[in-house]
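[1] Following is a predicted model, sequence given first.
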Amino acid sequence: MRAFTYSSQPARVVFGAGTLSRLPEEVARLGATRALILTTPGRTDLARRTREILGAAAAGEFAGAAMHTPVDVTERAVAVARELAADCLVAVGGGSTTGLAKAVSVRTGLPQLVVPTTYAGSEATPVLGETESGTKTTRSAPEIRPGTVLYDVDLTLGLPVPVSVTSGINAMAHAVEALYAPETDPVTDQLALQSIELLAGALPRIVADPADREARADALEAAWLAGTCLGSVGMGLHHKLCHTLGGSFGLPHAPTHTVVLPYAMAYNAPAAPDAMRRIARALGAADAPTAVHDLIRRLGAPTSLAELGLAETDLPHAVELATATPYPNPREVTTDGIAALLQAAFSGRRPA
Ligand code: NAD
């Protein structure tokens, strides 16, 4: 018999098309009047649009968000927030921008309103990963979770296909690992399965037509569900490996998740047969790890760590880092097992 403990996570979520125009009312709802807009350097057009929509409630912009939330960037953003006397943060962008909002918020206490434009799912979690001197550290606290999330499907129509695919598989990874997390519960299970099914249906349609609004809506909804899973239960081997490869070897977040997922699933499959059966059913396939690998290949995404620029000589150090501290995972994490997993992921061969 299954036993579980479930706590629902408070968050206000606004989902739809064109919802960016609802920003002023959402900022006012927080009682705020001076929003600092956060984005990545490439999205200054979006920052400008957001500023226009916010009108007098916009205090200024900081367009310096970067992958893996470097602490020096956060410190600069905190200085800007203080200079402008900002009273809330409006983050418009992917997981990097959301990470910056969390990092600034945790240092200043400013409330966050997050507008996600990728499928990373960080907006639904109380987790913040930060990098300093080549090391990524993660912390989790209820106050880190953004209080308001505004999903605007229209903002994802221009997300380039390669980013859409890898970001979508990043979301799928949260759902997959939630299904074999030790503390999982029936609510999280259903969110995870629905997310996997939506992503498997939406991603091929997005590759065929990136402006397919219904497919984009399915993918964004799936991202929210998967992010909720990530924010509710602990992740296992797959997230640990990606965290190591991103934080210590500078590999890009979503492409790394995309390459590693089928191999982490194949490693865990013997110890999580029930989760794998349910994932396979959601994918309409017989075997979950190979179905995910085949989907990624069909979508034209990277399938090997070599493609992402990892040097084969880095593999032993990656194994060492990924096995240094124990963490919950359905199958025992051994040095030999992880060495074989990473070697297979390095080559990109179809998992057995
Ligand atoms: P990202 O935010 O770096 O975005 C990738 C690129 O796509 C950027 O150049 C960005 O400017 C661009 N972009 C984003 N949305 C766009 C759009 N709609 N149209 C065109 N271009 C767009 O990447 P990501 O994968 O979303 O996030 C990765 C980061 O998020 C990592 O630092 C990762 O650690 C973090 N993350 C954290 C959590 C958590 O719970 N703490 C969860 C997932 C990811």
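    Looks like it came in fine.

[2] Could you pull up the mean pLDDT of stretch 185-201?
    The average pLDDT within stretch 185-201 is 98.

[3] Please see if it touches the ligand.
    No. Interface with the ligand: stretch 185-201 contributes nothing (CB under 6 Å from any ligand atom), its closest point being 13.7 Å away. No exception for glycine: its C-beta is placed from N, CA and C like everyone else's.

[4] Can you give the contact residues for that stretch?
    2, 4-6, 8, 119, 168-169, 171-172, 174-176, 178-179, 181, 215, 218-219, 221-223, 225-226, 228-229, 232-233, 278-279, 282-284, 295 (CB atoms under 8 Å, 6 or more residues apart in numbering).

[5] Buried ones among the residues you listed?
    Buried members of those, counted by 16 or more other CB atoms under 10 Å: 119, 168-169, 171-172, 174-176, 178-179, 181, 215, 218-219, 221-223, 225-226, 228-229, 232-233, 278-279, 282-283, 295.

[6] which ones are touching residue 204?
    295, 298-299.

[7] helix, strand or coil for it?
    Three-state call for residue 204 (DSSP: H, G, I helix; E, B strand; the rest coil): helix.

[8] any idea how far it is from residue 351?
    Distance, residue 204 to residue 351, using CB to CB, to the nearest Å: 21 Å.

[9] ok, now residue 15?
    In terms of CB to CB, residue 15 sits 35 Å off from residue 351.

[10] For those two, indicate the residue with more neighbours.
    Taking other CB atoms under 10 Å, residue 15 and residue 351 do not tie; residue 351 has more neighbours (19 against 14).

[11] wait, isn't that one in contact with residue 266?
    Yes. Judged on CB atoms under 8 Å, residue 351 makes contact with residue 266 at a distance of 3.7 Å.

[12] Distance check, the residue nearest the centre of the chain against residue 346.
    Residue closest to the average C-alpha location in the chain (CA atoms, centre = their mean): residue 120, at 2.5 Å. Counting by CB to CB, the gap from residue 120 to residue 346 is 24 Å.

[13] again, but for residue 197
    Distance, residue 197 to residue 346, using CB to CB: 30 Å.

[14] So which of those two has more stuff around it?
    Remark: of residue 197 and residue 346, residue 346 carries more neighbours, 21 against 18, as counted by other CB under 10 Å.

[15] Just the element for that one, please.
    If you go by DSSP states H and E, residue 346 is part of helix 335-347.

[16] Mind giving me the packing neighbours of that helix?
    Using 3 or more CB pairs under 8 Å, 6 or more residues apart in numbering; DSSP states H and E, the elements in contact with helix 335-347 are helix 237-249, helix 253-268, helix 315-322.

[17] Write out the residues of the stretch 101-250 of the chain neighbouring the ligand.
    Checking the stretch 101-250 of the chain against the ligand by CB under 6 Å from any ligand atom, the hits are 117-118, 120-122, 125, 127-129, 155-156, 158-159, 163, 167, 170, 230.

[18] Can you get me a residue count around residue 138?
    Close neighbours of residue 138, defined as other CB under 10 Å, add up to 11.
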